[in-house]
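Enquirer: Let me see the structure of the following:
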Amino acid sequence: MRNMKLLAVMVAVLGLAFTVQAADYKVGAGQAYATVQAGLNAALGNASGTHTVTIMDSAVYDEYIMVNSGVGSTGVSITVAPDAGQTPTIYGARFNGGKANITFDGLIVDGNLRTGGSRQAYLLYMRYGKDGTTNTFRNLTVKGTGSQRSGVIYTVGTGGSFVMEGNTFEADSVSVQSKGIKSGYSSGDNDAMGSIVIKNNTFSGSDLYGVDADTWKAGKGPITVNNNIFNGMANAGIYRRDAEALTTLTIENNTFYKCGGPTSYLDGAILFRDSTTTFGPTVLDNLIVGDGAAVYEGLNAYTTAITDIDADYNGFSNLSDGANKVLYASGWKTLAELNAYASAGNNILNDTDPFVDAANGDFRLTASSWANNAASDGEFIGALAPVPEPATMALLAIGGVGVLLRRRRR
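Expert: Predicted coordinates:
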């Protein structure tokens, strides 16, 4: 018995010896690391484990954080985030083929810091994600004005996956150059690209597009764009153009307000410009709304065969100055024509304003909105849940339950 106990103790000690303890690399004035890059480089020196780089103040770090090719280990996960109550600012970040799983969470990314000829064109850049890695931009606030607007994301992938979640792109922060989230793949890239997830983000006031997927190609994916808000995208909220089919593209539960226009057939809340006949995206439970006064368009198939698009349970409202251009497919089509192509034929057209206060950015559904209970699963369409009825609010208050601005979770 004594020998068994001794053996158990030895095994436990050996196990601890080979366990890499989680480390926190603190950044800021008076901290171990003066720059975010230095803290991240130190964390990347680990062979395994889950680590953090904590920014301890709200300073402006005029840094473009780089994770270069071959750096780090696949067994390492690192989160770069501020300490509680702090709001630090960086100039940008770039994943350039590193091996570790890295998340940037809760930072301000300011395009106004991008001055001078040596500055990077893309503020948030994920390039050549290595097999098995997942890189994430989460809860960032992206700023920019004038010529210093932030090029958002450019992805050229191999085997890694990419997540962009919960970020806010302020008005005028999305660059014409990068067209929002621009995802592309060069010739010769590995066709085993991991998944791309773009969810719970808010895009406001882009010159062109919110998500520009103009070269997402065959063999990549799955790609999911869901629960985002697109507010005032001048040409399109989501733009996809390529001559190759995708593995999976799902556009689901997004809210589009005043996107596409004024009159071009190359506009729309969602614009597909594909010559392939085997494209096959799913467009489900989205809410596409204009203001009833100007020309805003719905789903634009352009050169894509509409029979290759499964578009159903979407809601359309106040589009195209009363003309309600819900679908462009070799000419403008009516709602009935769109439903004739849909698997269930449950797309909706209703010109009653569904929102609490869209003009001031409140895209929650009213308690009586026609978009409530209209989704494929019987819930709401669009990104945000409806405001509860007054009686329900009172019950929640009595029960001590907070009423949150809630997005659907999928």
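Enquirer: leaving aside the residues next to it on the chain, what's closest to Ala59?
Expert: Among residues not flanking Ala59 along the chain, Pro88 sits closest, at 5.9 Å (C-beta to C-beta, 6 or more residues apart in numbering). Bear in mind the C-beta positions are built from the backbone N, C-alpha and C, glycine included.
Enquirer: show me what contacts that neighbour?
Expert: Applying C-beta atoms under 8 Å, 6 or more residues apart in numbering, we find Pro88 in contact with 36, 55, 57-61, 82, 107-108.
Enquirer: show me where the stretch 251-400 of the chain has helices.
Expert: Along the stretch 251-400 of the chain, counting by DSSP state H, counting those that start in this stretch, helices occupy 335-341, 390-398.
Enquirer: Okay, buried residues for the shortest one please.
Expert: Same thing as helix 335-341. By neighbour count on 16 or more other C-beta atoms under 10 Å, the buried set for helix 335-341 is 335, 338-339, 341.
Enquirer: Dump these to JSON lines, plus pLDDT and distance to Asn372.
Expert: Formatted as JSON lines, those follow (pLDDT from 0 to 100; distance: C-beta to C-beta, whole Å):
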{"residue": "Leu335", "pLDDT": "88", "distance to Asn372": "19"}
{"residue": "Leu338", "pLDDT": "87", "distance to Asn372": "21"}
{"residue": "Asn339", "pLDDT": "90", "distance to Asn372": "20"}
{"residue": "Tyr341", "pLDDT": "82", "distance to Asn372": "25"}
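Enquirer: Columns distance to Leu271 on top of the residues you listed, output as TSV?
Expert: Converted to TSV, these look like this (distance: C-beta to C-beta, whole Å):
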residue	distance to Leu271
Leu335	19
Leu338	15
Asn339	20
Tyr341	17
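Enquirer: which two in those residues are spaced the farthest apart?
Expert: By the measure C-beta to C-beta, Leu335 and Tyr341 form the most distant pair in the buried residues of helix 335-341, at 11.1 Å.
Enquirer: Tell me who's in contact with the residue lying closest to Leu338 once chain neighbours are set aside.
Expert: Distances taken as C-beta to C-beta, 6+ apart put Leu327 closest to Leu338, at 4.5 Å, once the chain neighbours are dropped. Taking C-beta under 8 Å, 6+ apart, we find Leu327 in contact with 298-301, 306, 311, 333-335, 337-338.
Enquirer: picking that back up, only whichever of the contacts of Pro88 are buried, select them in PyMOL.
Expert: A single PyMOL command selects the buried members of the contacts of Pro88 (16+ other C-beta under 10 Å):
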select buried, resi 36+55+57+59+61+82+107+108
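Enquirer: closest to Ala234 among the contacts of Pro88?
Expert: Of all these, Ala234 sits closest to Ile108, with 24.5 Å by C-beta to C-beta.
Enquirer: quick one: contacts for the nearest residue to the closest one once chain neighbours are set aside?
Expert: In space, and not counting its chain neighbours, Ile108 is closest to Thr89: 4.2 Å by C-beta to C-beta, 6+ apart. By C-beta under 8 Å, 6+ apart, the contact set of Thr89 is 58-61, 107-110, 113.
Enquirer: Let's have those in TSV, adding pLDDT and distance to Asn231.
Expert: Formatted as TSV, the contacts of Thr89 follow (pLDDT from 0 to 100; distance: C-beta to C-beta, whole Å):
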residue	pLDDT	distance to Asn231
Ser58	98	27
Ala59	97	30
Val60	95	27
Tyr61	94	29
Leu107	95	22
Ile108	93	20
Val109	88	19
Asp110	84	20
Leu113	77	25
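Enquirer: Give me the pLDDT value at the residue nearest to Leu338.
Expert: At Leu327, the model reports a pLDDT of 84.
Enquirer: May I ask which helix or strand of this structure has the lowest mean pLDDT?
Expert: Sorting the helices and strands of the chain by mean pLDDT, DSSP states H and E puts strand 181-184 at the bottom, at a mean of 46.
Enquirer: Whatever helix or strand comes next after that strand pairs with which strands?
Expert: For strand 181-184, the following helix or strand on the C-terminal side (DSSP states H and E) is strand 196-199. Take DSSP bridges as the rule and strand 196-199 pairs in its sheet with strand 161-165 (parallel), strand 223-226 (parallel).
Enquirer: Including distance to Ile196, mean pLDDT and mean neighbour count, could those go into CSV?
Expert: Formatted as CSV, the strands paired with strand 196-199 follow (distance: least, C-beta to C-beta, whole Å; pLDDT from 0 to 100; neighbours: other C-beta atoms under 10 Å):
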stretch, distance to Ile196, mean pLDDT, mean neighbour count
strand 161-165, 5, 83, 21
strand 223-226, 5, 86, 23
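Enquirer: could I get these as a markdown table with distance to Asp267?
Expert: Below are the strands paired with strand 196-199 laid out as a markdown table (distance: least, C-beta to C-beta, whole Å):
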| stretch | distance to Asp267 |
| --- | --- |
| strand 161-165 | 24 |
| strand 223-226 | 18 |
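Enquirer: who wins for proximity to Ala29 among those strands?
Expert: Proximity to Ala29, assessed across those by C-beta to C-beta, is greatest for strand 161-165 (30.3 Å).
Enquirer: Give the rounded mean pLDDT of the next helix or strand after that closest one.
Expert: Going down the chain from strand 161-165, the next helix or strand is strand 168-169, by DSSP H and E. Averaging pLDDT along strand 168-169 gives 84.
Enquirer: cool, and stretch 250-257?
Expert: Rounded mean pLDDT across stretch 250-257 is 94.
Enquirer: Same check on stretch 343-351?
Expert: Across stretch 343-351, pLDDT averages out at 91.
Enquirer: List the buried residues of it.
Expert: 347-349.
Enquirer: Contacts for that stretch next, please.
Expert: Stretch 343-351 is touched from outside by 292, 310-318, 324, 326, 335, 338-339, 370-371, 374, 376, 381, with contacts defined as C-beta under 8 Å, 6+ apart.
Enquirer: same thing but at 6 Å, please
Expert: By C-beta atoms under 6 Å, 6 or more residues apart in numbering, the residues outside stretch 343-351 that reach it are 310, 312-318, 335, 338-339, 370, 374.
Enquirer: May I ask which of those residues has the most neighbours?
Expert: Ranked by neighbour count (other C-beta atoms under 10 Å), the contacts of stretch 343-351 have Asn314 at the top, with 33 neighbours.
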